[in-house]
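# I would like to see how this sequence folds:
(2 chains)
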Amino acid sequence: MAKITINGQLVKVKKGTTILSAARQLGIDIPTLCFLEEINEIGFCRICVVEVEGEQDLISACNTEITNGMVIQTDSDKVRQSREATLQLLASRHRFDCWRCPKDGMCEFYDLLKSHDVVFEEFGPGIGRSSDLIAGSGISQDQSKCVLCKRCVAVCQNVVTANVLKFRDDDDPMNPIVSPTPGLAFDDAGCIFCGQCVKACPTGTLFETDHTNDVLTFLRNKDDHVVVQLDTRVNGAIAESFGYDIDTPFEETFGKTVKALELLGFDTVTTLDYGEDYHARATAEELLKRLEDKDNLPLFTSSCPASTRFLELYEPERLDHIATVKSPHILQGSQLKHKLLKQKPANTKVVTLSSCTAKKYERTREELVTAGVADVDTALTVREITKLMKQKGIAYRNLEAATPDPAVTSEHVAVQGGVLVAVLNAAHQIKTGEPLAELTFKHVHGEKESDGFIEEATVQLGEAKLNVARVIGGAAFKELFARSNKKNYHLIEFLMCPGGCLNGGGMPIHKNLTTHEVIARRETSYCDGGTDLPLSNPLHNHLVDDNFADDPSIHTGYSQKEYRKE
Amino acid sequence: MTTKSQDVNALFEQWILDAETRLQEEDMFTKIKSYLESTHPEICGKCIPCRDGVPKLERLFDKYIQGEATLKDLKEIERIVYNLRASRCSVGLDIGKNMEVILENNYNVLYSPVKKY
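Here you go, the predicted structure:
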């Protein structure tokens, strides 16, 4: 224990804590910009500076450990003036177009400028900070808004382990930039489009590539039949954007979301449950086939497009392991166009609405075409759809509940478990005639979301004993590959985003809540009392039952992708 | 300030030892500016006060050289110089301390040419 004085308050804190966390424990808020707990504690931005008695200079609170007898002032004149001057310098190199910025009110930099009442004179963006977009099919970057906090770099390196974004200060240290390989788009630089950098960015520098105009074009065209397939997990997030609490129960807002989508002009509103169940059932059949042939095990699920791309880019020798089944939303898109809806496939436009920026990339893949028509035409994130709803002037809170089109939508049942559980359950029932009695996962790796989690379970499937694993968060991928050298796995689910889809790159941003808290609260809203629910079972889905056919149109292939890094 | 290898250091020694030294106004501003420019290779570009503060200071001294400086600019110079105390490493801190010495010893020189109204 160490005794310190913060703003005149004498307190005892544990040794080894930083000034910032000590102050936050006391309820004293020190503003920060580049700080991300345990991911980015580098003291680049100098916003969190404090005055320490006996020190000549101001000290950054985020990465300085306390020592016994420290006397700290967090809001003296000197500190406030320094923060203001630093913000002025930053602001003078930031391009302000807040009213059309993709960050839309969630900008931490804006809040800092506001709370410090900063007046500044422009002296223009420096060299190499042009407002030209660095394009990408899933995410894009506008460097003129970058404040060089390095948060995205830390996330890309440590949480996602893709190492695409880098702090480039070799050429001209006075004008560093953060970018993928200079001169290349994100697609060519090895980006997997998970979108975690978008969530980490305190300004609107990184954002999901805007596809709202595509959707508006579809909606305007009278000949097009536009279908929106809503991932039920994002329903709560849409409600969040209209002022509901994060943990508002799913049933309360789902009808409103459907109504809002109808009002936007979509001809058919449906959910992704059909695609998910279809995908799980097809994957289960593939698993059983592979187990029989003892071929290419473990099987990797193909539901997460970011993980699939990660494997294509950085683990090309493991491509045979990925299930050849198309991912749920693509599968459902092709089914909607060719089977379920009685429309011309070319005139049916399918829009996926999910929490994922990687789906934006996924739909551009050449492999995902059925009979010459792309399976999914556009993918939108939650932030984009709420933007469209607000533009249209939809008063979400006052809407009456509506239901999705019953002809193409499976009933939404509250179940526990994601793709992995569904696949196992289906495989078990196909093999033995009975669904799984129970399934408990053991947590074997990772303490917090940013480390990535690995959960393992063993399942008795007939005579065979299966080792299955679920990997959540890119940081744990390496660990799992190391484990798979020692242990024989049969089925592995990969999720790229730390915390899974509920923390996907396209979800609304929460400034004042930790990732862990956001995920936990979204979970309660989505499925209250999660552990008592039945395991998800795709075989109970009648719509899938009626339409299931293991034909080539539900399969795809993978190939190694090229990238260039410096 | 013990090494005499660099011109700028010699310049500072002179300024520090002899606070009364009154340089030609124009000469002094260009010297300060060239000192600031000479620090560029050392700046790593990581923290804001130093990376963005130094070019901003140069801009403000440009105004002095052109004879367009106002009282506001002088205050701005002061603020940015004191803000260098918040830098991350000794490069920025040293530039700040050197600049503080300049302000302390030559404030009258900096003050006299400003347009007050």
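
# give me the element the residue most central in space within chain B is part of.
In chain B, the residue lying closest to the centroid (CA atoms, centre = their mean) is B:Met99, at 4.2 Å. Assigned by DSSP states H and E, B:Met99 belongs to helix B:90-111.

# And for B:Tyr35?
Per DSSP H and E: helix B:25-38 holds B:Tyr35.

# Quick one: name the residues of the stretch 101-250 of chain A near chain B.
Within the stretch 101-250 of chain A, the positions adjacent to chain B are A:123, A:126, A:148, A:169, A:172-176 by CB under 8 Å from any CB of the partner chain. C-beta: built from backbone N, CA, C; applies to glycine.

# Just the ones in helices from those, please.
If you go by DSSP state H, those have nothing in helices.

# Look at B:Gly53 and say how many residues are nearby.
28 (other CB atoms under 10 Å in any protein chain shown).

# if I pick the nearest residue to it once chain neighbours are set aside, what's in contact with it?
Among residues not flanking B:Gly53 along the chain, B:Ile80 sits closest, at 4.9 Å (CB to CB, 6 or more residues apart in numbering or on different chains). Contact analysis of B:Ile80 by CB atoms under 8 Å, 6 or more residues apart in numbering or on different chains lists A:85, A:89, B:49, B:53, B:56-57, B:60.

# ok, back up a step: what are the buried residues along the helix holding B:Tyr35?
For helix B:25-38, the neighbour count (16 or more other CB atoms under 10 Å in any protein chain shown) marks B:25, B:28-29, B:31-33, B:35-36 as buried.

# Export those to TSV and append columns for distance to A:Pro31.
Output for the buried residues of helix B:25-38, formatted as TSV (distance: CB to CB, whole Å):
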residue	distance to A:Pro31
B:Glu25	40
B:Met28	38
B:Phe29	35
B:Lys31	37
B:Ile32	32
B:Lys33	33
B:Tyr35	33
B:Leu36	29
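
# Let me see the backbone angles for A:Ala482.
phi -60, psi -40 (degrees, to the nearest 10).

# Let me fix that, I meant to ask about A:Ile492.
phi -130, psi 130.

# Can you tell me the number of residues neighbouring it?
Neighbour tally, A:Ile492, other CB under 10 Å: 25.

# which outside residues touch stretch A:165-185?
A:126-129, A:134-136, A:141, A:143, A:146, A:148, A:150, A:152-153, A:156, A:164, A:186, A:188-191, A:197, A:205, A:564-566, B:40, B:43-46, B:51, B:54-55.

# Now, of these, which are buried?
Buried among those by 16+ other CB under 10 Å: A:126, A:129, A:134, A:136, A:141, A:143, A:146, A:148, A:150, A:152-153, A:156, A:164, A:186, A:188-191, A:197, A:205, B:43, B:45-46, B:51, B:54-55.

# picking up where we left off before, report whether the helix holding B:Met99 contacts chain A.
Yes - counting by CB under 8 Å from any CB, contacts between helix B:90-111 and chain A involve B:Leu93.

# ok, A:Gly54 to A:Gln73 distance?
12 Å (CB to CB, to the nearest Å).

# my bad, should have said A:Arg220
59 Å.

# So which of those two has more stuff around it?
Shown here are A:Arg220 and A:Gln73; by other CB under 10 Å, A:Gln73 has more neighbours (17 against 10).

# per-residue confidence for that one?
A:Gln73 carries a pLDDT score of 92 in this model.

# My guess is the residue nearest to the centre of chain B contacts B:Leu57. True?
Yes - taking CB atoms under 8 Å as the definition, B:Met99 is a contact partner of B:Leu57 at 7.4 Å.

# so what's in contact with the two at the same time?
B:Val81.

# Could you report the neighbour count for A:Pro202?
27.

# ok, for B:Gly96, nearest residue in space, not its chain neighbours?
B:Leu84 (2.8 Å).

# need the contact list for the one you found.
B:49-50, B:53, B:92-93, B:95-96, B:99.

# try 6 Å this time
Listed by CB atoms under 6 Å, 6 or more residues apart in numbering or on different chains, the contact partners of B:Leu84 are B:49, B:53, B:92, B:95-96.

# ok, which residues in chain B are in contact with chain A?
Contact residues (CB under 6 Å from any CB of the partner chain) of chain B with chain A: B:40, B:43-49, B:52-53, B:79, B:83, B:85-86, B:88, B:93.

# can you do 10 Å?
Residues of chain B lying near chain A by CB under 10 Å from any CB of the partner chain: B:39-56, B:59-60, B:72, B:76, B:78-90, B:92-93, B:96-97.

# any weak-confidence spans in the stretch 401-550 of chain A?
Along the stretch 401-550 of chain A, segments meeting pLDDT under 70 span A:528-531.

# Pull up the residues of it that are close to chain B.
So the stretch 401-550 of chain A never meets chain B (CB under 10 Å from any CB).

# Does at least one residue of stretch A:34-50 sit close to chain B?
Yes - counting by CB under 10 Å from any CB, chain B is contacted by stretch A:34-50 at A:34, A:42-50.

# what's near enough to touch the residue of the stretch 301-450 of chain A found nearest chain B?
Ranked by CB to the nearest CB, the top residue of the stretch 301-450 of chain A for proximity to chain B is A:Ser450, at 22.3 Å. Applying CB atoms under 10 Å, 6 or more residues apart in numbering or on different chains, we find A:Ser450 in contact with A:36-39, A:154-155, A:158-160, A:196, A:473-475, A:498-499, A:515-516.

# Generate a ChimeraX selection restricted to the buried subset of these.
Applying 16+ other CB under 10 Å to the contacts of A:Ser450, the buried members can be selected in ChimeraX as follows:
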select /A:36,39,154,155,158,159,160,196,473,474,475,498,499,515
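
# How about A:Arg95, nearest residue that isn't a chain neighbour?
Nearest to A:Arg95 is A:Ser144, by CB to CB, 6+ apart, at 3.9 Å.

# okay, now residue 60: neighbour count?
Looking at chain A here, since you left the chain open. With other CB under 10 Å as criterion, A:Ser60 counts 27.

# please go with chain B instead
Neighbour number of B:Leu60 under other CB under 10 Å is 19.

# Thank you, goodbye.
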